[in-house]
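J.: Provide a 3D model corresponding to the input given below.
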Amino acid sequence: RLKRSQNQLLYEKLRNEFPFFEYQSYHFWEDDVHFHLNFSFNLAGKFTFKPEMRIPKRDFLSSANKTEALNWLAFHIGMVELVSYWKLACPPQVLIRPFSLDRNQLNWWKKLYYNGLGEFFYVNGITANLADFMEISCDSDACGKPWEGKPNPSLTLVPIGGGKDSAVTLDLISKSGMPTLPFIVNPRKAILDTLHIAGFNEEEVVIVHRSLDPLMLRLNSEGFLNGHTPFSALLAFTTAFTALLADSGLIALSNESSANEPTVIGQNINHQYSKSLEFEDDFREYMNHYLLKNSTYFSF
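T.: Have a look, this model is predicted:
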């Protein structure tokens with residue numbers, strides 16, 4: 001109880017000391033070997049963070065005639081990445097510089113951040129509410145447009161996490177005869193074993209290498225706030241980005257119904273809010289309205 005009250009005081013102290021957070025920029029480009037994404041975030045003019053992603057090129061991935069849409073999607077990946085760095089001090093003001101978002105989008109993101117940080121707030125003993133924990137504003141006149149191209153309606157992107165659920169999804173969909181494209185972030189042995197047993201080699205897979213900025217890890221060790229963030233939401237936007245590269249019309253998750261159940265009695269807090277049916281429905285609506293008109297995101 002003492003630690004929780006101390007964390008509430010730390011939360012309030014850090015918000016005063018670091019009153020704003022900036023999403024300064026993103027960059028998407030490609031060379032002969034990789035598609036690259038990097039992001040620049042700034043904490044109250046005192047710390048700058050530059051996380052990165054690399055996606056090895058494959059014959060089935062193409063950016064041709066999609067540059068504008070890919071940039072819009074890359075920006076959105078940064079919108080999820082920023083929360084990992086925002087949570088260090090939980091600044092009350094968040095300024096988005098690369099693009100303008102409408103009021104519906106701003107409300108959508110605020111809901112995701114608040115619910116996706118439910119475990120973070122609970123474990124740290126922080127009392128926060130949706131109205132006041134963050135105010136998001138934009139400093140840009142640029143507006144993105146959804147991609148209206150026609151993807152392959154049966155090509156199914158299947159994220160693989162190394163657990164039993166995604167292994168079952170991969171096995172059933174690939175054996176059904178539907179063209180199947182496994183997707184992985186930061187390969188590890190359990191994931192690669194799943195792929196090999198299912199009959200895929202690494203050249204037949206979308207691989208994303210994600211790197212955190214080491215400064216964030218150092219600040220965590222120095223007493224800034226730390227805790228769980230909505231990784232599955234990052235996965236959602238990254239799969240949408242790679243679905244566009246691959247012309248995939250389907251993104252098949254492997255979420256369990258337990259993701260819809262509170263893990264704290266009497267409170268609407270779940271360890272993986274971004275695996276819930278509520279988020280799945282919200283994301284599909286957002287994706288089809290703002291990002292990809294003709295792709296579908298669902299849990300198999």
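
J.: Quick one: classify the nearest residue to Ser62 once chain neighbours are set aside as helix, strand or coil.
T.: Nearest non-adjacent residue to Ser62, counting by C-beta to C-beta, 6 or more residues apart in numbering: Leu245, 6.5 Å away. C-beta: built from backbone N, CA, C; applies to glycine. On the three-state scheme (DSSP: H, G, I helix; E, B strand; the rest coil), Leu245 is labelled helix.

J.: residues contacting Leu245?
T.: For Leu245, the contact set (C-beta atoms under 8 Å, 6 or more residues apart in numbering) comprises 35, 55, 61-63, 66, 70, 206.

J.: cool, Ser232 as well?
T.: Counted by C-beta under 8 Å, 6+ apart, Ser232 has contacts 255, 272, 274-275, 279.

J.: got the buried residues for stretch 248-257?
T.: For stretch 248-257, burial by neighbour count (16 or more other C-beta atoms under 10 Å) applies to 248-255.

J.: In three-state terms, label Thr238 for me.
T.: Under three-state DSSP, Thr238 falls in the helix class.

J.: per-residue confidence at it?
T.: At Thr238, the pLDDT value in this model is 98.

J.: And the one 5 residues further on, by the same measure?
T.: Looking at Ala243, its pLDDT reads 98.

J.: give me the number of residues near it?
T.: Neighbour count for Ala243, taken as other C-beta atoms under 10 Å: 29.

J.: any chance you could map the helices in the protein?
T.: Under the criterion DSSP state H, helices of the chain are mapped to 2-17, 67-86, 103-116, 118-123, 164-175, 189-197, 214-221, 231-246, 277-286.

J.: Packing partners of the last one?
T.: The contact analysis (3 or more C-beta pairs under 8 Å, 6 or more residues apart in numbering; DSSP states H and E) places helix 277-286 against helix 103-116, helix 231-246, strand 296-299.

J.: nearest residue to Asn38 other than its sequence neighbours?
T.: Per C-beta to C-beta, 6+ apart, closest to Asn38 is Glu52, 4.5 Å.

J.: Repeat that for Leu234.
T.: Val80 (4.3 Å).

J.: Kindly report the same for Pro159.
T.: Excluding its sequence neighbours, the residue lying closest to Pro159 (C-beta to C-beta, 6+ apart) is Phe183, at 4.7 Å.

J.: do you know how far that neighbour is from Ala246?
T.: Here the criterion is C-beta to C-beta, to the nearest Å. By it, Phe183 lies 9 Å from Ala246.

J.: who touches both of these two?
T.: Going by C-beta under 8 Å, 6+ apart, residues that sit against Phe183 and also against Ala246 are 157, 206.

J.: What's the local residue count around Leu235?
T.: Other residues near Leu235 number 20, with proximity taken as other C-beta under 10 Å.

J.: distance of it from Ser166?
T.: In terms of C-beta to C-beta, Leu235 sits 11 Å off from Ser166.

J.: shared neighbours, those two?
T.: Common neighbours of Leu235 and Ser166, counting by C-beta under 8 Å, 6+ apart, are Pro159.

J.: shouldn't Ile251 be in contact with Phe241?
T.: No - contact criterion C-beta atoms under 8 Å: Ile251 and Phe241 do not qualify, at 10.7 Å.

J.: Show the model's pLDDT score for the spatially most central residue of the chain.
T.: With distances taken as C-alpha atoms, centre = their mean, the chain has Leu234 as the residue nearest its mean C-alpha position (1.0 Å). Turning to Leu234, the model gives it a pLDDT of 97.

J.: rewinding a little: which ones among the contacts of Leu245 are found in strands?
T.: Counting by DSSP state E, the part of these found in strands is 35, 55, 206.

J.: mind listing what the first one touches?
T.: Taking C-beta under 8 Å, 6+ apart as the contact definition, Phe35 lies against 28-29, 54-55, 57, 61, 63, 245.

J.: Return the members of those residues classed as buried.
T.: 28, 54-55, 61, 245.

J.: Looking at the residues you listed, spot the one nearest Ser84.
T.: Using C-beta to C-beta, Arg54 comes nearest to Ser84 of those, at 17.8 Å.
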